[in-house]
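Undergrad: Curious how this folds, go ahead:
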Amino acid sequence: MILQVNGVSFGYNGRRVLDDVRFSVNPGELMVILGPNGVGKTTLLRCINAILKPAEGAVWVDGHEVLGLTPQQIARRVGYVAQQQSAGRLTAFDAILMGRRPHIQWRVSDEDLRIVDGAIKSLDLQGLAMRYIDQMSGGELQKVAIGRAMVQEPKLLLLDEPTSNLDLKNQLEILRLLRHAVQDHGLAAVMTMHNLNMALRFADKYLFLKEGRIFDVGRPEEISAETVDAVYGVAVEIHRHNGNPLVIPKEEN
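TA: Numbering: from 1, shown residues only. Below you'll find the predicted structure:
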């Protein structure tokens, strides 16, 4: 396995946000973390990436305990795409090239440039490579952020709401891109999302958080209406379309 989370707990100002969270993700797997606002999804990603230090428990990535690694060593193993992207005065090419910093020695090498060029092509950003990112749409900026994470050549991708504020077309593009990146490169990926149907369509596994604890873990075909109701407090029906589960809220009488 690439990621193993062992009994992680974390709190802010004496309030426990995560409590004994345990799960693992294997190469080629995309896991989605689900749950209502404020349940600890983003906090969990930050604990995995050692941005936050768990009060209890440990996180292992590619056989290494994350808190025992330097920031540079973490960056070589974990690519992190935050929910909000800053749009500075950089071209898309330079912004993606910044993802190579954990690997660059004295200067940018031909290999660094080759990897960046490959990411730009895979993201279909060739026509935007020299455009400043503060002139880009939300979907284009998100692609740049994912490209920056991918050129780190990580074993694990962490993505916090990668489709938030994107239209339907861009949501599909981003999720298809992630799906292919995980499969083609044998990565593990963990993302947080609010759109249940999109999440269940593209993820291999789901994990529901409720009150800081794991409520349920499974594969999309295993999800139940009872689980969704218990986590969100909304009565739903689960239908199937082309093998994909569809979560549909029940009409109120």
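Undergrad: quick one: residue 42 and residue 142, what's the gap?
TA: According to C-beta to C-beta, to the nearest Å, residue 42 stands 16 Å off from residue 142. Bear in mind the C-beta positions are built from the backbone N, C-alpha and C, glycine included.
Undergrad: Which one's more surrounded, the two?
TA: In this comparison of residue 42 against residue 142, neighbours counted by other C-beta atoms under 10 Å, the higher total goes to residue 142 at 26 against 19.
Undergrad: mind listing what that one touches?
TA: Each residue near residue 142 by C-beta atoms under 8 Å, 6 or more residues apart in numbering is listed here: 81, 85, 162-163, 166, 170, 174.
Undergrad: Stretch 105-112: end-to-end distance?
TA: In stretch 105-112, first residue to last residue: 11 Å (C-alpha to C-alpha, to the nearest Å).
Undergrad: Residue 77: neighbouring residues, count only.
TA: Using other C-beta under 10 Å, residue 77 is surrounded by 21 other residues.
Undergrad: My read is that it contacts residue 158, right?
TA: No: in this structure, residue 77 sits apart from residue 158 without contact. The criterion is C-beta atoms under 8 Å, and the distance is 10.9 Å.
Undergrad: ok, which stretches of the stretch 101-250 of the chain are strands?
TA: Under the criterion DSSP state E, counting those that start in this stretch, the stretch 101-250 of the chain contains strands at 156-160, 188-192, 205-210, 213-218, 236-241, 244-249.
Undergrad: what is the orientation angle of the first one with strand 188-192?
TA: The directions of strand 156-160 and strand 188-192 differ by 10 degrees, with axes from the mean of the first three to the mean of the last three C-alpha atoms, to 10 degrees as the criterion.
Undergrad: all helices of the protein, in order?
TA: Counting by DSSP state H, residue ranges of the helices within the chain are 41-48, 71-77, 92-97, 110-122, 138-150, 168-185, 196-202, 225-232.
Undergrad: Report the central residue of this structure.
TA: Using C-alpha atoms, centre = their mean, the residue of the chain that lies closest to the mean C-alpha position is residue 159, 2.2 Å off.
Undergrad: now that one, nearest residue through space, not along the chain?
TA: Spatial nearest neighbour of residue 159, chain neighbours left out: residue 191 (3.9 Å); criterion: C-beta to C-beta, 6 or more residues apart in numbering.
Undergrad: is that neighbour in a bridge, and if so with what?
TA: Beta-bridge partners recorded for residue 191 (DSSP bridges): residue 32, residue 159.
Undergrad: hang on, it packs against residue 178?
TA: Yes: in this structure residue 191 lies within contact range of residue 178 using C-beta under 8 Å: 7.3 Å.
Undergrad: shared neighbours, these two?
TA: Contact criterion C-beta under 8 Å, 6+ apart; residues bridging residue 191 and residue 178 by contacting each: 30, 157, 159, 162.
Undergrad: Show me where this structure dips below the pLDDT cut-off.
TA: 84-88, 253 (pLDDT under 70).
Undergrad: any idea how far residue 67 is from residue 78?
TA: Counting by C-beta to C-beta, the gap between residue 78 and residue 67 amounts to 12 Å.
Undergrad: out of these two, which sits in the busier spot?
TA: Between residue 78 and residue 67, counted using other C-beta under 10 Å, residue 78 has the larger neighbour count: 27 against 13.
Undergrad: Pull the contacting residues for residue 92.
TA: Taking C-beta under 8 Å, 6+ apart as the test, what residue 92 contacts is 120, 125, 128-131, 133, 136, 140, 144, 147.
Undergrad: same thing but at 10 Å, please
TA: Shown in contact with residue 92 (C-beta atoms under 10 Å, 6 or more residues apart in numbering): 116, 120, 123, 125-133, 135-136, 140-141, 143-144, 147-148.
Undergrad: ok, now residue 79?
TA: So residue 79 contacts 49, 99, 102, 145-159, 181, 187, 189 (C-beta under 10 Å, 6+ apart).
Undergrad: Repeat the analysis, applying 8 Å as the threshold.
TA: With contacts taken as C-beta under 8 Å, 6+ apart, residue 79 has the following neighbours: 99, 148-150, 152, 154, 156-158.
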